[in-house]
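> No letters, just coordinates:
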């Protein structure tokens with residue numbers, strides 16, 4: 001059963017049959033919820049409540065030409081189940097109401113007045129000291145979760161590996177970078193023709209695919225952070241797996257660089273969560289480069305000169321020392 005907005009009577013009957021909607025609930029409205037890349041996400045309102053329905057397809061919702069494993073909503077469900085048992089960090093996750101494996105459909109709490117933090121690319125001052133504290137508190141708590149039985153999530157990691165560590169560094173990869181910003185394709189040759197860099201990134205990619213020791217979010221960037229009256233919520237955990245905590249923190253720091261958050265703030269956050277410095281730097285640099293030159297573009301307000309400066313900084317982070 002593939003859902004779309006507005007829900008049809010067939011959809012509503014299915015949701016009742018699966019216990020996602022109560023027998024006496026009437027759907028008053030259904031609409032697309034947010035601009036997520038991976039999945040079809042709907043906000044469904046009844047006379048009693050509003051819920052989020054998140055469904056995966058065998059492809060990326062925003063890029064139907066890109067295949068993706070349907071079981072990713074099952075990974076997200078497993079992640080929230082683990083987090084619900086952790087008193088220190090459970091409140092950061094939305095509540096789970098139901099999961100239907102037959103249609104890879106996840107029913108979640110609707111976060112009232114929840115707004116993501118994509119605004120920081122335009123307004124870096126929105127990355128407050130309190131938000132930084134909250135994000136570090138979440139990561140430190142998450143990375144203490146014992147999750148030896150968490151799914152390997154190999155298929156999603158393979159997809160992510162391709163788009164982080166391989167495609168952005170390949171010439172003729174099919175990405176229309178000049179269509180995003182004139183001159184961006186020429187600038188990308190700075191990384192696509194750097195043999196030392198490519199070798200280091202390939203090595204890092206193998207590390208990403210190897211077994212790790214800590215449960216990690218796997219896509220810890222501003223689109224996964226929600227501001228709400230009830231506090232910070234962390235969503236979109238379908239890339240979660242047991243890996244290196246440096247990956248989560250590195251992704252976070254990379255997006256602060258891309259948002260032009262002052263270096264002194266970034267340095268402070270890095271020092272307050274001491275991890276393997278070389279590994280952290282390499283993951284940070286790689287995330288910067290894949291967001292500048294990869295398929296998953298961001299709403300950045302950077303000139304070509306600013307992107308070149310960031311690319312040079314990212315290359316230095318990756319090549320600085322062995323991890």
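Looks like it came in fine. Since this is a predicted model, take the numbers as computed values, not measurements.
> Go ahead and confirm residue 318 touches residue 285.
Yes: taking CB atoms under 8 Å as the definition, residue 318 is a contact partner of residue 285 at 4.0 Å. C-beta coordinates here come from the backbone N, C-alpha and C atoms, glycine included.
> more neighbours, those two?
residue 285 (28 against 25; other CB atoms under 10 Å).
> Surely that one is in a helix?
Yes: in this structure, residue 285 lies within a helix as judged by DSSP: H, G, I helix; E, B strand; the rest coil.
> wait, it sits on residue 321?
No: counting by CB under 8 Å, residue 285 does not reach residue 321; the two are 11.8 Å apart.
> Is residue 108 located within a strand, as I assumed?
Yes: counting by three-state DSSP, residue 108 falls inside a strand.
> count of residues packed around it?
Residue 108 has 22 nearby residues by other CB under 10 Å.
> From residue 100, how far off is it?
According to CB to CB, to the nearest Å, residue 108 stands 12 Å off from residue 100.
> Can you give me the buried ones in stretch 210-230?
For stretch 210-230, burial by neighbour count (16 or more other CB atoms under 10 Å) applies to 212, 214-227.
> From one end of it to the other, what's the distance?
End-to-end span of stretch 210-230 (CA to CA, to the nearest Å): 37 Å.
> how about the strands in this protein?
27-32, 40-46, 50-55, 96-100, 105-109, 115-116, 214-216, 225-227, 233-234, 241-243 (DSSP state E).
> for the closest residue to residue 135 other than its chain neighbours, what are its contacts?
Residue nearest to residue 135 in three dimensions, not counting chain neighbours: residue 252, with 6.4 Å by CB to CB, 6 or more residues apart in numbering. By CB atoms under 8 Å, 6 or more residues apart in numbering, the contact list for residue 252 reads 135, 139, 220-221, 269.
> Report the separation between residue 252 and residue 136.
Going from residue 252 to residue 136 by CB to CB gives 9 Å.
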